Structures are given as C-alpha cells and as structure tokens.
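Peer 1: Predicted structure and sequence below. I'll ask about it afterward.
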Amino acid sequence: MATIKELRCTVCGRSYQPDEVQYFCPACGQVGTLDVLYDYEALKTQLDRDALRTQKEWMWRYRALLPLAAESRVPPLRVGYTPLYESGRLAEALGVRQAWVKDDGQNPTASLKDRASAMIVARALEQGVEVVSTASTGNAAAALSGLGASVGLKIVIFVPATAPEAKIAQLLVYGATVLLVEASYDVAFDLCYDTCMDEGWYCRNTGINPFTTEGKKTAAYEIAEQSHWDVPDVVVVSVGDGSIIGGVHKGFWELYQLGWIQRIPRLIGVQATGSSALVQAWQNHIQPQDMQPVDAHTVADSISAGLPRDRAKALRAVRETKGAFVAVSDSEIIAAIPQLARLTGVFAEPAAAAVFAGAQRAVQSNLIQPDDRVALLVTGNGLKDVKSAQQSVAQGIRVQPNLSAVHQALQDG
Ligand SMILES: *Cc1c(COP(=O)(O)O)cnc(C)c1O
Ligand SMILES: [Zn+2]
C-alpha cells in the first residue's frame, strides 16, 4: 500500500524512479544494491502503530509499509509473524539482562527466506509476470519454489550441479524447473540473471532484486511489535550474502523514521570463520566496492558466501548501528545447535544456530554488555539439515524391552 518514492543506490547515492530501473544501480553495477524508499513524513501522519493490533494476515499485517497496491493479491501461505520467545535461561547462559529468540524456522518452507520470496511472488502477481527465477542452492530456492507453487507461478531454479541432493529434492517436490548448472554458484547466478533478461522473467537473485529486502524487513517490524515497541539493545543475525541483516536494519530504520521506536538496536552479524568476508571488511574498514572474494567453506551452508551479494547493505547495517561482525568456527556452530535447543526448545539449522555461538563470542569480547537486552534471530529450522545436528549429539541408549533393563540403562546413562 505504500507508494515508492525512489530507489536509491546504497553505494553512490543516486536516486531512480521505480520505472527507471528494476534491479541494481546502472552506474555502480551489481555492488550497487538499491534501497526502496517511501515518503516517511507522509506515512508518519497517515499510520498508527496501534492499528496493527487488528491486522491478522501474518507478514501482510504490515502492508501499509510494503510496496503493494491495496487490492493486490498475496500468496496464501502463512509467512511471518513468527514467535518471539523470551527466555530467562538463555539470558542467564549468555550473561545478559534479558534474551529472546525469534523462531523464523516456523515459516512454510522452514526459513526466513519465505518473507523475501512471498514479497517477490506478490510483486510478480501484481505485475502479471509468468515466470520467476533465482539462483541458489538452498533456502531461497526452496522458499521461491514453495511460495510460487501456492499461487501456481512457474518457477525456474539455477543450482550448481554439485548442490546437495536433499536440497534439490525440496525444489522438485514443489514442481520448480531445476537447472543443474555444470559450474559454480557464481556462474549459475550470472546465467540466471542473463536468462531472466533474455526471457523477460522476474529475477529474485539475492542482491539483484531490491524487493527481497522489503520482505525481510518484516522480521524487524515483528521484533519491535512483539517487544511492545521497547526494542532489544542488540539483535544478533547470521550473515552470508548479508541480505537478512540489511533487511532487519531497514525495518528498524523505517520504524525509527516513523517515530514508532525510540532507537535502533545494535546489529551483530555472525559469520563462519571459513566464510568471513564481511568480518574482514568491517575490521579493516574496507568499502563494499573494494571487497575481494574469499574461498568460502563452512558446515553452515546457508551462510557460505565468497563475495557477499548484499555486502553494501550488510556493512551499513553494522556500521550505522554501532554493531559488530564476529566469526565463529564450524565446531562452535555445531555445538550451538543442541545448546540453543536445550535452552529454548528451538531447533535451528547450523547457519541459524550460529547466532548463539556469535552472541557468546560477542559477550566475551564486550561487544554485548551484561546490562543488554538481546534478541537472537533464528533464520532456519533444524530439520533442514539433520546430518549436521546428528554430529552435535550423542547416540540414544539401546535397551532390551524389559523394566530392569530400563532401570539399568537409566542408572548407567
Ligand atoms: C540465507 C540464510 C542466512 C543468511 O542470510 P544472508 O541474507 O545470505 O546473509 C542465514 N541463515 C539461514 C537459515 C539462511 O537461509
Ligand atoms: Zn550507484
């Protein structure tokens, strides 16, 4: 319902009208990701945060702040408005005043990517597009395939031929056309974009399509609303391409423009040691356009990114909020899966559990203080990657089917 005022380049600051450019800044190339901006002064007088209480359509409760016409159709699946659980035990374990987990693994295809894909599918319906395409090996592709299936859109996915079979299966189940490209993710990414240009398909590629941010920002809106507009001091987010942390920042920034929150939380981005391009850029004060690709490898496949596609938004999110980037090892990430699950009852995939390890690291490094109120954003469900979870826990106890064997086993265990 919000009317777009301009699309502004995050690198050079050039401003474009929505009909002038579709994906990224023509002057900067792909590093020049765009901000979708509205007339916040006008929205401030028109909107009232308390009116949200009567809205029940999950992430669409924030339609007034999303780039969709009032009458536009949205996918029927229940995306967003995921729970924010407060946990005293989590706070105690981290050594902070108050702690929450936001469980975005509860989305329909089990990751936060559903927010972005729902937004993209809604825009595609609005524009009468027939095919939407993305390059991804993981959750973004699953989300686009699932949300596309819910409205009968044709979805084409470009994946490297080496992508894990289980992930490819989820795409095929939803009926997406899956192209197994005999090359790396980066090559598949460019091939997807070129094909979209050729065929007139809508491209969802991360960092290319600025509207993915508009979906992801709703996670921040919810954290604000669910904390009764008294937002946490710190929000911890795992980071691969940097699109989620950029979206979360945009969400809080907009609420601050509207006067609905009094401050923007410090954003702490967590990367895997083996895929830490943004940690290095942040530590060494490198600008997004000067970043060089690293050779990424980590067990947390959803945050494996050599040259993060949304690096401009990610660096800005951390720099502007006086947050930080931290890196955690694969073994810390694996250990965090049961630690987080036992403290909160939330089972996270490796990339998502990384926020617990990252929060611990940030407390040790005094980036988070004992007095802080901290929210961990859990971006994906643990059932996405059961193999990694199995590495983090002992086996069950084998037992003969009689009482004395059970007693014996319980004593030994
Ligand atoms: C995509 C993803 C991330 C990282 O998001 P970016 O936007 O690539 O930084 C983290 N966790 C999960 C579960 C994801 O699917
Ligand atoms: Zn630019």
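Peer 2: Thanks, I have the structure now. Ligands and ions are numbered 1, 2, ... in the order given.

Peer 1: quick one: the helices in the stretch 51-200 of the chain?
Peer 2: Per DSSP state H, counting those that start in this stretch, the stretch 51-200 of the chain carries helices over the ranges 88-94, 113-126, 139-151, 165-173, 185-199.

Peer 1: Report the helix or strand with the lowest average pLDDT across the protein.
Peer 2: Every helix and strand of the chain was ranked by mean pLDDT, DSSP states H and E. The lowest is helix 165-173, at a mean of 89.

Peer 1: any residue of stretch 225-235 up close to ligand 1?
Peer 2: No - judged by Cβ under 6 Å from any ligand atom, stretch 225-235 stays clear of ligand 1, getting no closer than 13.6 Å. In this view, the C-beta of every residue, glycine as well, is placed from N, C-alpha and C.

Peer 1: Give me the residues contacting that stretch.
Peer 2: The contact list for stretch 225-235, computed with Cβ atoms under 8 Å, 6 or more residues apart in numbering, reads 49, 52, 83-84, 98, 100, 102, 220, 223-224, 248, 252, 260-261, 263-268, 323, 362, 368, 372-377.

Peer 1: Show me which residues of the stretch 301-413 of the chain sit near ligand 1.
Peer 2: Residues of the stretch 301-413 of the chain lying close to ligand 1 by Cβ under 6 Å from any ligand atom are 302-303, 349, 351-352, 379-380.

Peer 1: at 8 Å what do you get?
Peer 2: 302-303, 305, 308-310, 314, 348-349, 351-352, 354, 379-380, 384 (Cβ under 8 Å from any ligand atom).

Peer 1: so which of these would you say is closest to ligand 2?
Peer 2: Asp310 (14.3 Å; Cβ to the ion).

Peer 1: Test my guess that that closest one contacts Gly242.
Peer 2: Yes - using Cβ atoms under 8 Å, Asp310 makes contact with Gly242 at a distance of 4.0 Å.

Peer 1: so what sits against both of those two?
Peer 2: Jointly contacting Asp310 and Gly242 under the rule Cβ under 8 Å, 6+ apart are Gly207.

Peer 1: Check Met1 and give its pLDDT.
Peer 2: You'll see Met1 listed with a pLDDT of 69.

Peer 1: Please apply the same query to the one 10 residues further on.
Peer 2: At Val11, the model reports a pLDDT of 97.

Peer 1: wait, is it part of a strand?
Peer 2: No - in this structure, Val11 is coil, not part of a strand, as judged by DSSP: H, G, I helix; E, B strand; the rest coil.

Peer 1: ok, the residue nearest to Ala324 when sequence neighbours are not counted - how many residues close by?
Peer 2: Of all residues not flanking Ala324 in the chain, Leu367 sits nearest, at 4.5 Å (Cβ to Cβ, 6 or more residues apart in numbering). Leu367: 20 surrounding residues under other Cβ atoms under 10 Å.
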